[in-house]
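**Student:** What follows is a protein structure lacking sequence information:
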C-alpha cells in the first residue's frame with residue numbers, strides 16, 4: 001500500500017515522503033506539501049501514485065529517526081487552516097451504540113429505545129444501500145478546522161472548562177475538493193477523535209459541545225482502499241504503566257454504514273464542496289476507555305495502532321490554560 005507522510009528535515013523544511021510500508025521511504029521530488037501533490041494530481045488527471053511516479057523519488061528518509069526526533073508531522077495540512085474542515089459521524093460501528101445507550105438511558109424512559117439506539121438501528125437497517133440507492137443518513141458532528149489537528153507526538157490539550165478528555169480510536173478519511181467541485185479522497189489515516197464524554201453524558205444534546213476539541217491524526221496517509229477488516233489496539237499509559245488496553249475494530253465489515261454512504265451524506269451539502277478545501281472525516285468507533293470506567297488524567301499517553309498502518313498515533317493528554325471570554329459592544 002502506498003503511504004504518504006510529511007516529515008521535517010534537519011533544517012525544519014517540510015518534505016513529502018512516499019513509502020510502501022516496507023523498505024526505504026523516499027522524498028517526493030518537487031513538492032513541499034501533500035496538499036500541493038494532491039492538487040497537482042487532480043490538475044493532471046492522474047492518481048496520486050501516478051503523480052509521484054511523474055515527480056520521481058529522491059533521498060531516503062529514516063522514519064525511525066524522524067519519529068524519535070519528533071519530525072513526523074501531520075500527513076496533510078492546508079495553507080489556511082480555516083479551509084480544513086474537521087467533522088465526523090458516530091454510531092457507525094457494530095456495538096458502538098452500547099456505550100452511548102448507557103450514557104443516555106437515564107434521560108429517557110426505559111420502555112422505549114434511546115435516540116442513540118434508534119439512530120444505530122437505522123444505520124444497521126439502511127447504512128449499506130444497494131448500488132444506485134441512497135442509504136440512511138448518520139449522526140454528524142463538527143469538530144472545528146485544521147487548527148484543531150495534532151500529529152503523533154504532540155499533546156492533545158483539553159480546554160480548562162472541559163469535564164473530561166477521552167480518546168476515540170478511529171479511522172479518518174482525508175478529502176480535497178477539486179477546482180471543479182468534485183470531492184477527491186486523498187486517503188485514510190489512523191485517528192484519535194478526542195472528546196469530552198462526561199459533558200456528553202450530562203445531556204446528549206451537549207454532544208455538539210463535547211466534540212469541539214482537538215483531534216489526533218496518525219502519521220501515515222494510506223492511498224486507495226482499506227481492507228474490509230481493520231483491527232488495532234487502543235492503549236492508555238500513565239507514568240509508563242498501562243491503565244487501559246483494548247482491541248478495536250473498524251473497516252466496513254465491522255460497520256453499519258459503508259464509507260461511500262457516510263461520504264455521500266457529508267458531501268451532499270454544497271458548502272462542503274468548496275474548491276480548494278480540505279476535509280477530514282472521522283468514521284466512528286465502538287471502543288472507549290470511558291465506557292470501561294477509566295478517568296483520564298493530564299499526562300496520560302494515548303497510543304493507537306492498527307494494521308495495515310505501520311506507525312502508531314501517540315498523543316499525551318494536557319489541559320489548556322483558562323482563557324477569559326469577554327464580549328464588547330461596538
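**Tutor:** Right, received. Where do you want to start? Quantities reported herein were computed from a predicted structural model and do not represent experimental measurements.

**Student:** use CA for all of it now, contacts and neighbours both
**Tutor:** Will do.

**Student:** lowest-confidence helix or strand of this structure?
**Tutor:** The helix or strand of the chain with the lowest confidence, counting by mean pLDDT, DSSP states H and E, is helix 97-105 at a mean of 52.

**Student:** Quick one: neighbours of residue 172, just the number.
**Tutor:** Burial of residue 172 is recorded as 24 neighbouring residues (other C-alpha atoms under 10 Å).

**Student:** How about it: what's its closest non-neighbour residue?
**Tutor:** In space, not counting the residues next to it along the chain, residue 172 is nearest to residue 282; the distance is 4.3 Å by C-alpha to C-alpha, 6 or more residues apart in numbering.

**Student:** For the following helix or strand past the least confident helix or strand of the chain, which helices and strands make contact with it?
**Tutor:** Later in the chain than helix 97-105, the nearest helix or strand by DSSP states H and E is helix 115-126. Helices and strands touching helix 115-126, by 3 or more C-alpha pairs under 8 Å, 6 or more residues apart in numbering; DSSP states H and E, are helix 97-105.

**Student:** Which stretches in the stretch 1-150 of the chain count as strands?
**Tutor:** Secondary structure of the stretch 1-150 of the chain (DSSP state E, counting those that start in this stretch): strands at 3-8, 14-19, 25-28, 57-61, 84-88, 141-145, 149-150.

**Student:** Figure out which of the ones you listed is closest to residue 197.
**Tutor:** Among the strands of the stretch 1-150 of the chain, the nearest to residue 197 by C-alpha to C-alpha is strand 141-145 (14.1 Å).

**Student:** Can you tell me which helices and strands that closest one packs against?
**Tutor:** When contacts are defined as 3+ C-alpha pairs under 8 Å, 6+ apart, strand 141-145 packs onto strand 84-88, helix 207-211.

**Student:** tell me the most buried of the ones you listed?
**Tutor:** strand 84-88 (a mean of 22; mean count of other C-alpha atoms under 10 Å).

**Student:** Can you give the strand pairings for that strand, parallel or anti for each?
**Tutor:** strand 141-145 (antiparallel), strand 278-282 (parallel) (DSSP bridges).

**Student:** what residues does that strand touch?
**Tutor:** By C-alpha atoms under 8 Å, 6 or more residues apart in numbering, the surrounding residues in contact with strand 84-88 are 77-78, 140-146, 277-284.

**Student:** Let me see the domain layout of this structure.
**Tutor:** Per the TED database, the structural domains of the chain span 1-73, 78-319.

**Student:** quick one on the thing from earlier: what's the per-residue pLDDT of the residue nearest to residue 172 here?
**Tutor:** At residue 282, the pLDDT value in this model is 98.

**Student:** Which among the domains of the chain is found nearest to residue 327?
**Tutor:** With C-alpha to C-alpha as the measure, domain 78-319 is the member of these nearest residue 327 (17.9 Å).

**Student:** Of the strands paired with strand 84-88, flag the one that's most buried.
**Tutor:** Each of those was assessed for mean neighbour count using mean count of other C-alpha under 10 Å. The highest is strand 278-282, with a mean of 28.

**Student:** Can you name the element that comes right after that strand?
**Tutor:** Per DSSP H and E, strand 278-282 leads on to strand 301-307 as the next helix or strand towards the C-terminus.

**Student:** Now do the buried residues in that following strand.
**Tutor:** Going by neighbour count (16 or more other C-alpha atoms under 10 Å), the buried part of strand 301-307 is 301, 302, 303, 304, 305, 306.

**Student:** For residue 284, give me phi and psi.
**Tutor:** With angles defined as degrees, to the nearest 10, residue 284 sits at phi 100, psi 170.

**Student:** Relative to residue 35, how far out is it?
**Tutor:** 25 Å (C-alpha to C-alpha, to the nearest Å).

**Student:** do residue 224 as well
**Tutor:** In this view, residue 224 and residue 35 are 16 Å apart by C-alpha to C-alpha.

**Student:** likewise residue 190?
**Tutor:** Note on residue 190: its distance to residue 35, by C-alpha to C-alpha, is 18 Å.

**Student:** Compare those two (neighbour count), which wins?
**Tutor:** A count of neighbours by other C-alpha under 10 Å puts residue 190 above the other of residue 190 and residue 35, at 28 against 22.

**Student:** how about the more buried one, what does it touch?
**Tutor:** Applying C-alpha under 8 Å, 6+ apart as the definition, the contact partners of residue 190 turn out to be 169-172, 217-220, 304-306, 309, 312-313.

**Student:** Good, wrapping up.
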